[in-house]
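Trainee: Coordinates for the following, if possible.
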Amino acid sequence: MRIYLVGGAVRDKLLGRPVADRDHVVVGATPDDLLGLGYKPVGKDFPVFLHPRSGEEYALARTERKTGRGYHGFAFDADPSVTLEEDLARRDLTINAIAEDADGRLVDPFGGVRDIEARVLRHVSPAFAEDPVRILRVARFLARYQPLGFRVAEQTLALMRGMVADGEADHLVPERVWAETRKALAEPRPSAFLATLRACGALRVLFPEIDALYGVPQRPEFHPEVDTGVHTELVVDMAARLAPGDDLVGWCALVHDLGKALTPAAELPRHVMHEERGVAPIQVLSARLRVPAEHAAMAVLCSRLHLNVHRALELKPATVVKLFEQIDGFRKPRRLDVLLAACEADKRGRLGFEDAAYPQADYLRAAYAAAAAVTAAAFVADGLAGPAIAEAMRAARARAVAAVPTPA
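Mentor: Numbering: from 1, shown residues only. You can find the predicted model right below:
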């Protein structure tokens, strides 16, 4: 029995990045061998075990054989005769197909080290085309590593185009699409995820509502980048900068302008009521991908309210209080932070606006603190009850907001 460190742990170690998860492959062993050593089985589709002390994953070396469409269309063979090279050959990218033995020696049959040095995401073999999830994974890896200078090999992109043309992307299950999308939105360069999917044709298949934004013009005096799809890319990257690792902010940033794809051609490049037009496609997309309820709800709120947030310094105090109520902010204060981050990303996600000030955020935070300080206790003590308390609190909160100075 031989044990090797594999995958992301080796890759990130070579890149000088922090290693989050350590996965291992076990060659020349059976499930009973590992069970006898106290390992705990966790794999459903193939033998994966947890180390009895470290809790790290150890998988038996295996091969895969395509048996049908989609992610689940595979048969696995984890016989002890499967070699390390055979196990590495089934992996997606060369940079993920490097192993390290107990003495720190690398096993690199597919040139992963060379591709790390060249900053290239390259498929290991033509078998890459058998699993459509790999389209999403490549796009997500580029969202992570593009800031380091990585690109997708043209041969790999061509393979991905062929997979989309062959209908493989049509068989991706919603849960996997969302899982990869969520991770991509938490990476430093989410725009690379969109651009890669668009380059291979998968954006049109998986995210038609987002794909429809490309080529839709905006007023250049407000949007020097003009193209709404390009604006969306700038916004998700700014969201990643303002709220690193926060996929909820990233999701709101991604879909906040879906209504612009529905603007009648005669009205372009103006987008009157796009914030309300965007609600229906957001709801359709959220339902199709089965996104978490809070992601779906906040995306709708960001679409409806982002223009009001941009106009916050001009709003009446009562309207500011209403905005807080619309997001249920007095019960769910985290929602205001999400809304403000997404709106600031929208404002700064434009060519030439990357470092623009966004005083609306500080003002609304101060207004919220003033409004939230108003409680029901005083009104109950005055003998009010039921709806009268809510009405009195709303008026008191508006007065509190009116006392908050607006930035010059």
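
Trainee: list the buried ones in stretch 88-100?
Mentor: 88-100 (16 or more other Cβ atoms under 10 Å). To be clear about C-beta, it is placed using only N, CA and C from the backbone, and glycine gets the same treatment.

Trainee: Please read the previous query as pertaining to stretch 124-139.
Mentor: Within stretch 124-139, the residues scored as buried using 16+ other Cβ under 10 Å are 124, 127-139.

Trainee: Could you tell me the end-to-end distance of it?
Mentor: 16 Å (Cα to Cα, to the nearest Å).

Trainee: Would you confirm that Leu248 contacts Ala297?
Mentor: No. Counting by Cβ atoms under 8 Å, Leu248 does not reach Ala297; the two are 10.3 Å apart.

Trainee: Among the two, which residue is more densely surrounded?
Mentor: The neighbour comparison of Leu248 against Ala297 (other Cβ atoms under 10 Å) goes to Leu248, with 24 against 17.

Trainee: need the contact list for that one.
Mentor: Glu294, His295, Met298, Val338 (Cβ atoms under 8 Å, 6 or more residues apart in numbering).

Trainee: List the neighbouring strands of the lowest-mean-pLDDT helix or strand in the chain plus their orientation.
Mentor: Least confident element among the helices and strands of the chain, by mean pLDDT, DSSP states H and E: strand 74-77 (a mean of 72). Strands that pair with strand 74-77, judged by DSSP bridges, come out as strand 63-66 (antiparallel).

Trainee: So which bits of the strand it pairs with are buried?
Mentor: Thr63, Glu64.

Trainee: got it, and stretch 400-408?
Mentor: Of the residues in stretch 400-408, those buried (16+ other Cβ under 10 Å) are Ala400, Val401, Val404.

Trainee: just checking, the second one touches Lys322?
Mentor: The one in question is Val401. No. Assessed by Cβ under 8 Å, Val401 is found out of contact with Lys322, at 10.5 Å.

Trainee: For the stretch 1-150 of the chain, which segments count as helices?
Mentor: 8-15, 31-36, 84-89, 112-118, 133-145 (DSSP state H, counting those that start in this stretch).

Trainee: how close does the spatially most central residue of the chain sit to Ala371?
Mentor: In the chain, the centroid-proximal residue (Cα atoms, centre = their mean) is Leu185; its distance is 2.3 Å. Using Cβ to Cβ, to the nearest Å, we find Leu185 at a distance of 30 Å from Ala371.

Trainee: Outside of stretch 82-92 itself, which residues are in contact with it?
Mentor: Residues contacting stretch 82-92 (Cβ under 8 Å, 6+ apart): 2, 4, 6-7, 25, 27, 60-64, 97-99, 107, 109-110, 123-125, 127-128, 131, 134, 137-138.
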